[in-house]
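*Asks:* structure of the sequence below:
(one chain, ligands or ions: 1)
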Amino acid sequence: MKHTIDRLCSQHSLDRQEYLELLQCNDVDTLDYLRFQAQKATLERFGRDVYVRGLIEITNECRNNCLYCGIRQANKMVARYSLSQATILDCCRQGYELGFRTFVLQGGENPQMTDEWVEDTVARIHSCYPDCAITLSLGERSRQAYEAFFKAGASRYLLRHETITDSHYRRLHPTDMSLQNRIQCLRNLKEIGYQTGTGIMVGSPYQTLENVADDLKFIEEFQPQMIGIGPFIPHAQTPFAGASAGSVELTLKLISIFRLMSPSALIPSTTALASLSADGRCRGILAGANVVMPNLSPPTFRGQYSLYNNKAAFGSESAEGLRLLKEELNTINYNISTERGDYVQT
Ligand code: SAM
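*Replies:* As a prediction, the model looks like this:
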């Protein structure tokens with residue numbers, strides 16, 4: 001198996017069966033070797049710097065009914081909110097003062113936040129903070145909308161494909177959503193010139209390791225600049241309330257595989273990983289992640305962006321807790337970088 005890992009290091013590619021064998025492998029020495037190689041690749045490319053992004057959760061209104069998501073439209077127990085442009089700009093101002101040079105605007109698919117409104121919001125942030133990168137994560141929109149946001153100043157877009165297996169996709173989503181449209185959106189984003197991020201939830205209901213091997217091949221071929229992977233965590237007011245959370249160990253293994261597949265990629269150590277395990281964020285960094293996304297949303301709304309239960313949003317997971325995050329990363333000899341941290345192909 002070590003030969004396989006060496007080949008992943010040198011060629012950044014394996015065939016599906018080899019990915020599957022790596023996913024099935026539980027040998028401690030092999031997994032240590034995988035993590036060691038991934039950490040080495042990260043250090044060679046990024047040193048001990050971890051990029052920070054200020055995450056602004058702009059709305060929990062959503063027209064979709066993804067079966068796993070706590071802010072799905074059918075959840076009537078969640079108090080809905082949408083941030084005004086003024087509040088979003090205020091979050092950016094606070095973030096800028098704290099040292100953030102990337103703002104990530106994430107939200108449900110809220111029809112009231114029209115394409116024109118998003119375009120205008122991006123343009124305003126861009127004119128106030130021209131030295132900052134603007135990342136959007138607002139779901140599936142038309143190609144024209146993506147083009148308009150790009151022209152207004154957004155340069156990165158996060159849209160996890162969730163699973164590349166159509167039969168699995170259909171078990172996670174209602175019939176009015178389609179994997180085909182999601183993949184088309186990703187292709188559009190990349191063609192327009194966005195640094196594009198995709199990814200999966202690890203351990204989503206019905207997911208098999210064969211599905212994950214197919215996701216690895218898809219990501220290897222698609223070559224996104226950002227790869228977002230975090231464990232699935234159940235939410236009490238969804239049809240998957242009784243499902244088990246995804247595995248922290250498998251998430252860490254996948255971070256290492258993705259790092260070796262794509263040495264220059266921006267890979268976050270996700271909030272879901274930190275929510276599931278007290279040392280999850282640091283273990284994600286040690287496995288090969290190089291980005292963290294502290295929460296810059298107004299504290300009063302953070303509890304309402306409840307994608308899953310017990311989501312971390314305060315302390316070192318928050319923008320105001322940057323000092324705590326710095327201390328946490330220092331314990332593993334890593335530092336916060338306030339550079340924009342754009343994707344650079346080597
Ligand atoms: N609406 C946008 C979209 O579809 O990309 C962005 C918001 S969506 C809530 C952001 C991500 O949250 C999804 O891509 C999904 O992977 C993740 N997510 C949703 N529910 C989750 C859960 N129960 N556990 C872990 N991650 C979850």
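*Asks:* quick one: name the residues of this structure near the ligand.
*Replies:* 68-69, 106, 108-109, 137, 139, 159-160, 162, 201, 230, 232-233, 235, 272, 307-308 (Cβ under 6 Å from any ligand atom). Glycine gets a C-beta too; all of them are placed from N, C-alpha and C.
*Asks:* contacting residues for Leu31?
*Replies:* 25, 253 (Cβ atoms under 8 Å, 6 or more residues apart in numbering).
*Asks:* let's see which of the residues of the chain next to the ligand end up in helices.
*Replies:* Ala272 (DSSP state H).
*Asks:* from the stretch 151-300 of the chain, which residue is nearest to the ligand?
*Replies:* Arg160 (3.8 Å; Cβ to the nearest ligand atom).
*Asks:* give me the secondary structure label for the residue lying closest to that residue once chain neighbours are set aside.
*Replies:* Closest residue to Arg160 apart from its sequence neighbours, by Cβ to Cβ, 6 or more residues apart in numbering: Gly199 at 4.4 Å. Three-state assignment for Gly199 (DSSP: H, G, I helix; E, B strand; the rest coil): strand.
*Asks:* Gly199 against Ile227, yeah?
*Replies:* Yes - with contact defined as Cβ atoms under 8 Å, Gly199 counts as touching Ile227 (5.2 Å).
*Asks:* so what's in contact with these two at the same time?
*Replies:* Ile219.
*Asks:* show me the strands in the stretch 201-346 of the chain, by range?
*Replies:* Counting by DSSP state E, counting those that start in this stretch, the segments of the stretch 201-346 of the chain that form strands are 226-231, 291-292, 335-337.
*Asks:* any chance of JSON lines for these, columns mean pLDDT and mean neighbour count?
*Replies:* Below are the strands of the stretch 201-346 of the chain laid out as JSON lines (pLDDT from 0 to 100; neighbours: other Cβ atoms under 10 Å):
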{"stretch": "strand 226-231", "mean pLDDT": "97", "mean neighbour count": "26"}
{"stretch": "strand 291-292", "mean pLDDT": "96", "mean neighbour count": "26"}
{"stretch": "strand 335-337", "mean pLDDT": "95", "mean neighbour count": "16"}
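*Asks:* how close does Pro74 sit to the ligand?
*Replies:* For the record, residue 74 is Ala, not Pro. Separation of Ala74 from the ligand (Cβ to the nearest ligand atom, to the nearest Å): 14 Å.
*Asks:* so who does that residue touch?
*Replies:* Asn65.
*Asks:* for it, helix, strand, or coil?
*Replies:* Three-state assignment for Ala74 (three-state DSSP): coil.
*Asks:* so what touches stretch 172-187?
*Replies:* With Cβ under 8 Å, 6+ apart, stretch 172-187 has contacts from 64-68, 140-141, 146, 159, 161-164, 166, 169-170, 196, 198, 204-206, 222, 224.
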